[in-house]
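**Q** I would like to see how this sequence folds:
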Amino acid sequence: MDVYLPIANQAVNGLWIVLLGGMTGVLSGIFGVGGGFLTTPLLIFSGIPPTVAAASAATQVTGASVSGVIAHSRSGGVDFRMGGVTVAGGLLGAVLGALIFNLLEAFGQIDVVINILYVLLLGVIGGMMANESIRSLQTKTQGKAKAAKRRHHPVIASLPMRWRFYRSGLYISPLGPLLMGMVVGILTMLMGVGGGFIMVPVMLYILGMSANVVVGTSLFNILFVTMMTTMVHALTTQAVDIVLAGLLLIGSVSGAQIGTRIAVTAKPEILRLTLATIVVVVALAMLYRLGVAPDEVFTVAPL
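**A** I've put the predicted structure just below:
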């Protein structure tokens, strides 16, 4: 079933795009990540131009996040005050990211930058997640598992103007979450990611948030930042393909509900190791594509 994408200016298999959206939704519900960090590379592998893939994936992540936030808020798993601070930073970051996106596009380097950013981020984060998951499994196997001490980073503790975030169990400055949100907003604009694959580890290990609200709060932030990113892309880059985004949304909304149910029953160490493996494989595949000559080589020269 081929479907024509007007902005990408090509035909794709519609069923494959829906299944891709469903996989993204499952990841969103399980891990609190938007899933765009896998959606965009897989769209690029399918032949979608990187700019269109990044812009349209951000739109699809919004739909997956709505479904996930609703599911987690029912069980009290969302810190709305913390989410509000990170969203404020994310909106500022999205505007700054749009300026960077347009600048790189003007120089004709945006496609290369998107690919390099994915290789670096996915490689580093996938490696860290795999290392932590393997160590957790080893300690459980040896019967030496200890309860992890939850505390925020000393830099976060030194920032002024502390607020109480009751749901997260924190008394810290809002400046840390604000800056974190800005970084995620920039990455969302450039790469079409929700930023959850960065947000979740930062919330756990730097901010020291309670684990039971991390996933829901991350999805809350992703929801509003990707909405802003979609609007900015639509008004500035005109790279949002509504047909592509719609096909992804059909799968992702249902997938998020399935992922939320899996997260309740599955072992977290196994889930993290599975995600880490997927992330590392995608990073290696993108690195390979960067070093291989394309099938069709074009030369641009002034007439």
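**Q** low-confidence ranges in the stretch 151-300 of the chain?
**A** For the stretch 151-300 of the chain, the stretches with pLDDT under 70 are 151-153, 192-197, 263-264, 266-269, 292-300.
**Q** so where do the helices sit in it?
**A** 154-158, 175-191, 196-205, 211-236, 242-265, 268-291 (DSSP state H, counting those that start in this stretch).
**Q** the fifth one vs helix 211-236, what angle?
**A** Interaxial angle, helix 242-265 versus helix 211-236 (axes from the mean of the first three to the mean of the last three CA atoms, to 10 degrees): 180 degrees.
**Q** ok so, going back, what's the closest of the helices of the stretch 151-300 of the chain to residue 122?
**A** For residue 122, the closest of these is helix 268-291, at 3.7 Å, according to CB to CB. Where you see a C-beta, it was placed from the backbone N, CA and C, and this is true even at glycine.
**Q** give me the contacts around the closest one.
**A** 27, 30-31, 37-38, 41-42, 44-45, 115-116, 118-119, 122-123, 125-127, 129-130, 132-134, 136-137, 140, 197, 262-263 (CB atoms under 8 Å, 6 or more residues apart in numbering).
**Q** burial count for residue 138?
**A** Close neighbours of residue 138, defined as other CB atoms under 10 Å, add up to 12.
**Q** spit out the contact partners of it.
**A** So residue 138 contacts nothing (CB under 8 Å, 6+ apart).
**Q** quickly find the element holding it.
**A** helix 110-141 (DSSP states H and E).
**Q** quick one: mean pLDDT for that helix?
**A** For helix 110-141, the mean pLDDT works out to 76.
**Q** so that helix versus helix 268-291, what angle?
**A** Counting by the same axes, to 10 degrees, helix 110-141 points 150 degrees away from the direction of helix 268-291.
**Q** buried stuff in helix 110-141?
**A** Buried residues in helix 110-141, defined by neighbour count with 16 or more other CB atoms under 10 Å: 110-111, 113-115, 117-119, 121-123, 125-126, 129-130, 132-133, 136-137.
**Q** can you list the low-confidence ranges for the stretch 1-150 of the chain?
**A** 1, 28-29, 31-37, 60-61, 63-64, 67, 140-150.
**Q** with adjacent residues omitted, what lies nearest to residue 128?
**A** residue 201 (7.4 Å; CB to CB, 6 or more residues apart in numbering).
**Q** how about residue 126?
**A** residue 279 (3.3 Å).
**Q** any idea how far the one you found is from residue 127?
**A** Distance of residue 279 to residue 127, computed by CB to CB, to the nearest Å: 9 Å.
**Q** for residue 75, give me phi and psi.
**A** phi -100, psi 10 (degrees, to the nearest 10).
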